[in-house]
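Asks: From the sequence below, what's the structure:
(chains A and B)
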Amino acid sequence: MENTKLSPLQLFALLVLFQLGTALVVNLGMEAREDAWIAVLCGMLIGCLLYMGYAYLYITFPDKLPTQYMRLLLGKYLGGIIGLAYILFYMNKSSRDLLDGGLLVFVSTLKETPLFIINTVMMLAVVYVLHKGIEVLARTAFILLWIVFVIGIVILFMLLFSGIIDFTRILPVLSDGFKPVLKSVYRQNYQFPFAEIICITMVMPYLNNKKAGVRAGLMSVLLSGMILSGTAVITISILGVDIAERSIFPLLTLVGKASIADFIQRLDILVVMVLIIGDFFKIAIYFYAAVIGASDLFKIPYRKILYPLALIVLFTSITISRTYSEHVKKGGDVLYIMDPLFYVILPAGLVIAALIYRFRTRRKSGTRIS
Amino acid sequence: MRIRGIGLLVILCVMLPLSGCWDAEELNQRAVVSGIGIDRGPGNNNYVVSLQVIIADEISGKIGRGGTPTTVYSAEGRSIIEAIRKASIQVPRLTSTAHVRIVVISEELAREGISDILDFLDRDSDIRLTAKVFVAKEGIRALDVIAGLSPMGKITAYTLAQKAEISSREFGANYPVEVDDLIRDVLVPNSGPVINGVDIEGSVEEVRKKSNLEATDNLGLLVMSNLAVFKGDQMKGWLNEQESKGFVWLRNLLQNTSIVITPGDQGVITLDVHRGKTSIQAILKDREDPVFIVKVMSQLSVREMDGTVDLRDPAALNEMEKDVNEEIVKNIKAAVQKAQSLNSDIICFGRTLELQHPKVWKQLKSQWSEIFPKVAVEYQVDSIIRNSQMRDRSFKYNLKKE
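Replies: Predicted coordinates:
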């Protein structure tokens, strides 16, 4: 383990950017149509519950990486296999996010540039920062978080002063009852992006303040949930639910609409910036989780294993799917068929195991005292 | 030392992709398109796409050759993109559609259906949703509109977009319609978009000539026309001026307009509407048969008077308000009747019902095309004449006294 320390505020910045990442620019919760914002809020609440589970594991083993306490709780072999599964899962996710970002940049702005080059440049930046260590990543996050906030506020004011927001477009609320919302939550909204923060458990052992760190994580889920829900409201009330639902990149279309007196307009590049910043942190945190896990599991120094794994992520990101539709379809299906295993079932098993472990160690120490 | 050499090599290699010049396109290699016109090809199902391209040299002045500020390239293709690509055999530079402000569709094409054009406008990542859409009146081609020159402002497409905005602010018989408005409205059941018409006053041949700009009264001029009503993606008819005004009232988009009334022996009185607010309420007496109540509130001021009414007297103003109410109802009624006769719910009664009585709407949705033409509408107009500009009585008032 590296000998670095993170402050709770840095963790907060990392997590907010991680969750806003790709979720801010793609159409989130659109299966619930007009009620996407409710679906996102529901997802956020479930995300909070899941986060508390992850935080409980961290509080029980504050100095251990998940791959370490998995082996402690479930035995050397079973724990090792599950740890390996998580590493592969994180790597898959980070290569998916790499492709996500690459494709969106490719579709929206760099139409002539080969995808491989876009992805390579992105991965180079990720590897460079991670070579410097997680602390550097966290400090970068803190700076870029402010940039993202400023961009967000500029865009928000542009939209407000353009006078194009029509809130009647999100009406009627819950026209088909709660069912479509629940379906959307079940299929997408609690996993993406809220439950994804499970990979932060790989970073949490570096916290310098246990309690405040856990609280900062919870705050980050609440804040990004509200930002995402607000974005859904604004997207639908400007574009209307139909255009938003069919858009690959609603935020970009939306910002193209903003124009104050035909003078201040064309802020599209700001959205692409937000996308690149968010996507960068998503890739970086997933990738870091995979690397630190692998280095712990296989006892290989962190910086030695960083580059080979980066190459694997880069090449899988190119070969993972042939088209954008295939990529989105695979992602959407995996999100509710396979991912709950990693987000809900395995962590729940670990929490139960941790409870038993605690109970047993307490009894042991109890008997020793008496 | 060797490591340093390798490092240097790596840095040099990395610099290649990092410069990010793959997609770079210098401004002097671009042909900036300001407007697009789409016609049907002669005697076939092709599209003829006309691109109005800005000639930067003529705009900036110093190095101009005294030519026209814009030029038009047009090409034919089975789809719009194909036609635009084909136009490159005429254009020496890369056509860039990111700055398109207007899209003109010929009436012939609009009557056949515009779904293909809509998909192009919706999908394209260069053209923004803020582009304004127009229908060229029968008899003139979209090409004629795109080829026109404007006495004020050098780029015709931009002046046309400004005309749409100014006329909606001053005259109130239209409102600027943008691409996303169209796409939203096309999808409303038994309804459709409403698009601004554009017409050429005077000679179609003269409006494209530079010589036309050398006279003070132009032989040809591009003007805003009335509104074209669509059902789904097909154009069904035109609103006339009265119906257009009424329609803008109904959509609650009125900013400013004038109302002329002729009360009895008082001559002609003209009033300005400063603020109009319309709300529509759906009332269900029985479930099958909704009644819509259109409520209009307006604030006016007297602008012109050819009579001897004493405007210091509130009772006189009350009388006048009644006449104004009647006039407004006449406009709105005309618009509603036209929409019902074309059976296109451009007023969004269906949406009103959906918002106010969602359950009833679900039952009626499938039969809406039969219900809408027969739906009963009631009108409640409440006007207030706030002021009478700088004078209270007309000078005629004192003439009469003597």
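
Asks: Show me what from chain A comes close to chain B.
Replies: Within chain A, the positions adjacent to chain B are A:107-114, A:117, A:120-121, A:124, A:168, A:171-172, A:175, A:239-240, A:242-243, A:246, A:253, A:256-257, A:259, A:265 by C-beta under 8 Å from any C-beta of the partner chain. Backbone N, C-alpha and C define where each C-beta goes, glycine included.

Asks: Among those, name the buried ones.
Replies: Among these, those buried by neighbour count (16 or more other C-beta atoms under 10 Å in any protein chain shown) are A:108-110, A:113, A:117, A:120-121, A:175, A:239-240, A:242-243, A:253, A:256-257, A:259, A:265.

Asks: what ranges do the strands span in the chain?
Replies: I'll assume chain A. For chain A, the strands defined by DSSP state E occupy A:259-260, A:264-265.

Asks: you looked at the wrong chain, it should be chain B
Replies: Counting by DSSP E, the strands of chain B are B:30-40, B:47-54, B:70-77, B:94-96, B:102-106, B:132-136, B:194-202, B:220-231, B:234-238, B:257-261, B:269-286, B:289-305, B:376-387.

Asks: export those to JSON lines and tack on mean neighbour count?
Replies: Below are those laid out as JSON lines (neighbours: other C-beta atoms under 10 Å in any protein chain shown):
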{"stretch": "strand B:30-40", "mean neighbour count": "24"}
{"stretch": "strand B:47-54", "mean neighbour count": "25"}
{"stretch": "strand B:70-77", "mean neighbour count": "20"}
{"stretch": "strand B:94-96", "mean neighbour count": "15"}
{"stretch": "strand B:102-106", "mean neighbour count": "26"}
{"stretch": "strand B:132-136", "mean neighbour count": "27"}
{"stretch": "strand B:194-202", "mean neighbour count": "21"}
{"stretch": "strand B:220-231", "mean neighbour count": "22"}
{"stretch": "strand B:234-238", "mean neighbour count": "19"}
{"stretch": "strand B:257-261", "mean neighbour count": "17"}
{"stretch": "strand B:269-286", "mean neighbour count": "16"}
{"stretch": "strand B:289-305", "mean neighbour count": "18"}
{"stretch": "strand B:376-387", "mean neighbour count": "15"}
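
Asks: Check residue B:142 and give its pLDDT.
Replies: The model reports residue B:142 with a pLDDT of 88.

Asks: To clarify, my last question referred to residue B:194.
Replies: According to the model, residue B:194 scores 90 on pLDDT.

Asks: And it, how close does it get to residue A:97?
Replies: Going from residue B:194 to residue A:97 by C-beta to C-beta, to the nearest Å gives 43 Å.

Asks: same question, residue B:177
Replies: For residue B:177, the distance to residue A:97 - C-beta to C-beta - is 39 Å.

Asks: Ok, residue B:220 next?
Replies: With the distance defined as C-beta to C-beta, residue B:220 ends up 57 Å from residue A:97.

Asks: Identify the residue of the stretch 201-350 of chain B closest to chain A, quick one.
Replies: Residue of the stretch 201-350 of chain B nearest chain A, by C-beta to the nearest C-beta: residue B:348 (10.2 Å).

Asks: May I have the phi/psi pair for that residue?
Replies: Per-residue torsions, residue B:348: phi 70, psi 40 (degrees, to the nearest 10).

Asks: dump the residue contacts of it.
Replies: B:188, B:191, B:251, B:280 (C-beta atoms under 8 Å, 6 or more residues apart in numbering or on different chains).

Asks: and these as CSV, adding distance to residue B:216 and pLDDT?
Replies: As requested, those are exported to CSV (distance: C-beta to C-beta, whole Å; pLDDT from 0 to 100):
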residue, distance to residue B:216, pLDDT
B:188, 45, 83
B:191, 44, 85
B:251, 37, 85
B:280, 46, 88
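
Asks: For these, pick the one with the most neighbours.
Replies: residue B:191 (26 neighbours; other C-beta atoms under 10 Å in any protein chain shown).
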